[in-house]
Structure formats: structure tokens, C-alpha cells
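Q: After the sequence you'll find the predicted model.
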Amino acid sequence: MNLKVSLAALALLVVVSSCKTYTKTMREPNARLEFEKDDFIFSDQVGAKAREVIVLGIDWNRLFRKENGDVRPTRVNVPIIGSNIYNSKAASYALYNMMADHPGYDVVFYPQYSAKVSRPVIGIGFIVRITDIDVKARLAKIAPTEGHTDETDE
């Protein structure tokens, strides 16, 4: 009996003292930039097209390569200001083509999508689905500021 009480006390001591968690957190700063129209150099409206052909649920043309002009915010991408209504892989391919055809821009403003989806085999999209996307937008570069001096040159 004395052995059982000792083992129970030892087990309770191990359970109570064996786990500790220390957590330190730091809040991200709320970084916010405000731009005005004069802060950008705008391009004329530019466009690009993309075609996505899916056979049996697989895009065989892009199976082993990735070309993506992402419309969702990620850490490394060109910001897209305006409509994100048409969110599909074909739309991101068209944005990729637009950015590849017009390098050096910092921002995409208000992309407009035109889509045509066809299902040539009995109208069933799982067998074959062809999506043609046309995207148009204005691109912009951030204008250099006048009188800017680099503090590292001192």
C-alpha cells in the first residue's frame, strides 16, 4: 500500500512538473503607405491573353512549368489595385503574360477580365475545358521623388 501511494505521488509529480511552455510574442507594426495619383507614372492601357486547356482535370501544357501572375497577396509580387473578381488560374496566366511583356512596372491598376469558357465534348467540363482570358489594365511605376538624397552617401 505504501508503495502504491509513493508511485502515485511520483507519477503526479512527473505529470505536474514535466511540461512548461514559455511564449513571447511581438505584434507586427501597422505599416501603411499613402500614395496619390502624382506619385505614379502610368502606362497606356495594355493587355495580354492566355489560354488554359484542361483535359481530364489536368492542364497538360503547364504540368511541369509554372507561370503565375498571382492575384492574391503574397510576399513577393506586383501589387494589384482594384478588382480581383475573376480569380482563376487562367486569369493569373494572363497577368503573368502582361507583366512579362511589360517589365519594369511596380503596380497593376484595375485589371479588367474577359473570359470565354468552352466545353467542346458534350458540354461536360471535366473531359475537356478550354478557357480563353483577355486581361487589360494600366501599369504604373513609382515616380522618383524630387530632391531625394540618399542618407548613406554622407
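A: On my side now, so go ahead. Not measured: the values here are computed from a predicted model.
Q: Which parts of the protein are helices?
A: Using DSSP state H, the helices assigned to the chain run over residues 2-17, 89-101.
Q: Could I get the buried residue list for the last one?
A: Looking back up the chat, that one is helix 89-101. Neighbour-count burial for helix 89-101 flags 89-99 (criterion: 16 or more other CB atoms under 10 Å). Backbone N, C-alpha and C define where each C-beta goes, glycine included.
Q: Could you do stretch 107-127 as well?
A: Residues 107-109, 111, 113 are the ones in stretch 107-127 that count as buried (16+ other CB under 10 Å).
Q: Repeat that for stretch 38-51.
A: Neighbour counts over stretch 38-51 (16+ other CB under 10 Å) mark 40, 46-48, 50 as buried.
Q: got the contact list for it?
A: The set of residues external to stretch 38-51 that reach it, using CB atoms under 8 Å, 6 or more residues apart in numbering, is 90-91, 93-98, 101-102, 105, 107, 109, 130-143.
Q: Dump the buried residues of helix 89-101 into TSV; add pLDDT and distance to residue 117 as well.
A: What follows is these, written out as TSV (pLDDT from 0 to 100; distance: CB to CB, whole Å):
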residue	pLDDT	distance to residue 117
89	76	12
90	78	9
91	81	12
92	80	16
93	81	14
94	84	14
95	83	18
96	80	19
97	84	18
98	86	20
99	83	23
